[in-house]
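# Only the shape, not the letters, is given here:
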């Protein structure tokens, strides 16, 4: 069988559902969304103790869409009645949005191969082939642990695999490699379960004076850390490069050849990198573990191939939160419409613009607060 | 002595400091701000347990000013390192903004009388007279309890006068009159201090299905209520009209002549109403306890007299939160500039517009969320 559409969106998470909704509402209806799991599958896999660090609040009516919303007029905060939704709450919100806008989604469909031909893109699963002129990669990054070049990194346990913290049975102090949001989140949740930890890091957001939540730690995490700081030790200036299994547990070797011991399996809070997915690695140039994109988020190697979501970076601005990357959905929609001579719904486009969901120039994006 | 300026702003709270900053940055520099206390005096008087119900977060760099900010590029959340700043934190933030922008403020200056003459407005304190062509009332509403027409209301204690809840010594159940944000806030903080309460109300935000936080209860308050609901009883469909001192305490009589008893002094969570201030009552027409304003927030009785802040209402939209009313500062600045042939800084004006801080048409303001 063959499923044709003008645009295929790969991934039914926040980026994919947000992109699909934007295309459909603006007037590009010939789309298909494919995901190997359910809508919001990555969010469903979040540890139950992990919540959004950016607060959700229903100010949509006043031109301030809920920070974690994927459309101007929905609110995961209002939907879940929670200012910091959990992954499961957020997945339920995404599912509701997808249903409300009747998005054409193929779930539980694992794409095995992506081919570019002169007619467009072919995406093959075990049973089906999906064809489209345009392809938008919206894989998010939670499924793609980045072990950051640490030799023996596979001996550790990545943050994304921690699951339920109360089931971690080691009574010894846990070693956490990485001192940004996920490292502190792991440490705080270990502390909540009365487990001590040491964070090993060569740079930590807690020392940052930047007001950009992707560089400094968020207010939410800083406040939680204050509450549990007695349980958490921070070992600064340490870049772990190697993990070795020892008789008592694990040895971690840093760039100065200092050795640190851990009885429990070390926790790798070393980030994510979609670009490492073998499914798409060949489709983009890579620089600093991120895909190289042009000014409209298109691959520099393949035409009509876009990326949306937390891997997108522009002019030094990392679009790693929803409130940042959702601003690019309508820009891509606008570009596809121009190439296809499709008349977009101008009122709806203005509505996206009025709600800060059309950011075509990131050069003004600084995050310095005056006070 | 006489202090002259083109514009006088009465009140150095969120509305006054926000308005003054906007005027100055847009190019209207001949201003003076007067307050009977310090900058942010009302916020300093908040009960220490009271925090902002709208979350603060530093997303300023991405076109989403912190919801509680009074300028596009400041963040009380970042400044105070707290997502729900207390009154004292917020007062410190306002003070910092006022200093940063070098606002000309007369503090501890209580205006006793406001006169309109053919030359403009004269504001007289015991020692000084302040003169200006334009007058902007920015009194906020915290200082102006509204007992909502309840006979014997003065026998109760208004929410604004509760102070430190841990010092409330009555062991009996407290009666709270009013079932919106402040009523629930009082009940929750009583519960935190192990005190029970009954909320008497004819309509309560907790039953509301509106997504407007000024009509329904905020997420923050709903979550707190859930935690303490065992301590809080809600008596719905009751409109208290009369309070009578009895031998055992107080009798509250509702519109159906039912009588409820309370040993402790009843708490009036019946709202605020700046318009009741004797200082300004004669300057505005009044309708439903709110000032009547034209489409640019000017008095319908006096020329060049504007109001900013939580008392402003337009087309059914109550601008009772900072993220709502801050959108009107630049609209008023624009109007004054037009009348005075002052060229506003167009780049700065665009900056305000780009950050959703120039709302000249409220007819689109609904707050219905799709999901």
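That came in fine, so what should we check first? It should be emphasised that the depicted structure is a prediction, and the values quoted were computed from it without experimental measurement.
# now check stretch A:56-70, is it near chain B?
Yes - residues of stretch A:56-70 contacting chain B under CB under 8 Å from any CB of the partner chain: A:56-64, A:67. For glycine as for every other residue, the C-beta is placed from the backbone atoms N, C-alpha and C.
# Count the residues that sit near the closest residue to residue A:77 other than its chain neighbours.
Setting aside the residues directly before and after it, residue A:77 is nearest to residue A:56 in space (CB to CB, 6 or more residues apart in numbering or on different chains), at 2.8 Å. By the criterion of other CB atoms under 10 Å in any protein chain shown, residue A:56 has 28 neighbours.
# repeat for the one 5 residues further on
Each residue near residue A:61 was counted by other CB under 10 Å, and the total is 21.
# thought it was touching residue B:214?
No - taking contacts as CB atoms under 8 Å, residue A:61 lies outside contact range of residue B:214: 10.2 Å.
# Looking at the residue in the stretch 1-150 of chain A positioned nearest to chain B now. What's its pLDDT?
Closest to chain B within the stretch 1-150 of chain A is residue A:61: 2.9 Å, counting by CB to the nearest CB. The score at residue A:61 is 83. That number is its pLDDT.
# Double-check that it belongs to a helix.
Yes - counting by DSSP: H, G, I helix; E, B strand; the rest coil, residue A:61 is found in a helix.
# and the stretch 151-300 of chain A, which residues reach chain B?
A:211-213, A:218-220, A:222-223.
# Show me which of these are buried.
A:211-213, A:218-220, A:222 (16 or more other CB atoms under 10 Å in any protein chain shown).
# Could you tell me which of those residues are located in helices?
Per DSSP state H, helices hold the following members of those: A:219-220, A:222.
# Go through those residues and name the one nearest residue B:128.
Using CB to CB, residue A:219 comes nearest to residue B:128 of those, at 41.6 Å.
# what helix or strand does the nearest residue to residue A:71 once chain neighbours are set aside sit in?
Nearest non-adjacent residue to residue A:71, counting by CB to CB, 6+ apart: residue A:21, 5.5 Å away. Using DSSP states H and E, residue A:21 falls within helix A:14-26.
# Output the contacting helices and strands for that helix.
Using 3 or more CB pairs under 8 Å, 6 or more residues apart in numbering or on different chains; DSSP states H and E as the contact test, the elements touching helix A:14-26 are strand A:2-10, strand A:31-34, helix A:87-100, helix A:322-325, helix A:329-340, helix A:346-354.
# what's the angle between the last one and helix A:329-340?
Using axes from the mean of the first three to the mean of the last three CA atoms, to 10 degrees, the inter-axis angle of helix A:346-354 relative to helix A:329-340 is 140 degrees.
# I'd like the distance from helix A:346-354 to the chain centre, please.
In terms of CA atoms, centre = their mean, to the nearest Å, the centre of helix A:346-354 is found 26 Å from the chain centre.
# now swap in the second one and tell me
Strand A:31-34 has its C-alpha centroid displaced from the chain centroid by 19 Å (CA atoms, centre = their mean).
# tell me what it is packed against?
Secondary-structure packing of strand A:31-34 (3+ CB pairs under 8 Å, 6+ apart): strand A:2-10, helix A:14-26, strand A:105-106, strand A:129-137.
# Let me see the mean pLDDT of the second one.
Computed over helix A:14-26, the mean pLDDT rounds to 98.
# That one vs helix A:329-340, what angle?
If you take the same axes, to 10 degrees, helix A:14-26 sits at 50 degrees to helix A:329-340.
# The residue nearest to residue A:71 contacts residue A:96, correct?
No - between residue A:21 and residue A:96 there is no contact under CB under 8 Å: 11.6 Å.
# in the stretch 151-300 of chain A, which spans are strands?
A:157-158, A:174-179, A:197-204, A:232-235, A:240-245, A:250-254, A:259-262, A:267-268, A:286-287, A:290-291 (DSSP state E, counting those that start in this stretch).
# Okay, now the sheet partners of the first one, with direction.
Sheet pairing of strand A:157-158 (DSSP bridges) gives strand A:267-268 (parallel).
# And the last one, by the same measure?
Using DSSP bridges, strand A:290-291 pairs in its sheet with strand A:286-287 (antiparallel).
# any residues touching the partner strand, and which ones?
For strand A:286-287, the surrounding residues in contact (CB atoms under 8 Å, 6 or more residues apart in numbering or on different chains) are A:275, A:292.
# quick check: mean pLDDT across it?
Across strand A:286-287, the average pLDDT comes to 90.
# Residue A:272: what's it in contact with?
So residue A:272 contacts A:141-142, A:144-146, A:160, A:310 (CB under 8 Å, 6+ apart).
# before we move on, what about residue A:219?
The neighbours of residue A:219, taking CB under 8 Å, 6+ apart as the test, are B:56-58, B:77-78, B:81-83.
# and the closest residue to residue A:155 other than its chain neighbours, what are its bridge partners?
Nearest non-adjacent residue to residue A:155, counting by CB to CB, 6+ apart: residue A:243, 4.8 Å away. With DSSP bridges as the criterion, residue A:243 is bridged to residue A:252.
# burial count for residue A:243?
25.
# what does the one 3 residues further on give?
Burial measure for residue A:246: 12 neighbouring residues, criterion other CB under 10 Å.
# Give me the local confidence score for it.
According to the prediction, residue A:246 has pLDDT 92.
# which ones are touching it?
Counting by CB under 8 Å, 6+ apart, residue A:246 touches residue A:261.
# Please report the distance of it from chain B.
Relative to chain B, residue A:246 is positioned 40 Å away (CB to the nearest CB, to the nearest Å).
# Now do that residue against residue A:262, distance only.
9 Å (CB to CB, to the nearest Å).
# again, but for residue A:94
To residue A:262, residue A:94 is 37 Å away according to CB to CB.
# Also residue A:191?
For residue A:191, the distance to residue A:262 equals 17 Å [CB to CB].
# the more surrounded of these two?
Per other CB under 10 Å, whichever of residue A:191 and residue A:262 has more neighbours is residue A:262, with 25 against 21.
# Could you give the number of residues near the closest residue to that one other than its chain neighbours?
Leaving aside its chain neighbours, residue A:262 sits nearest to residue A:175 (3.8 Å; criterion: CB to CB, 6+ apart). Counted with other CB under 10 Å, residues neighbouring residue A:175 total 25.
# Is residue A:175 bridged to anything, and to what?
Here residue A:175, judged by DSSP bridges, has bridge partners residue A:198.
# List the residues that contact it.
Neighbour list for residue A:175: A:197-198, A:200, A:250, A:252, A:260, A:262, A:264, A:266-267 [criterion: CB under 8 Å, 6+ apart].
# Now residue A:158: closest residue in space that isn't a chain neighbour?
Once flanking residues are discounted, residue A:158 sits nearest to residue A:145: 3.9 Å by CB to CB, 6+ apart.
# got any ranges where chain A has weak pLDDT?
The model of chain A has pLDDT under 70 over residues A:1, A:363-369.
# mind checking the backbone torsions on the residue located most distally from the centre of chain A?
Of all residues in chain A, residue A:247 has its C-alpha farthest from the mean position, at 36.7 Å, by CA atoms, centre = their mean. Note on residue A:247: backbone dihedrals following degrees, to the nearest 10 are phi -60, psi -40.
# Perfect, I'm done here.
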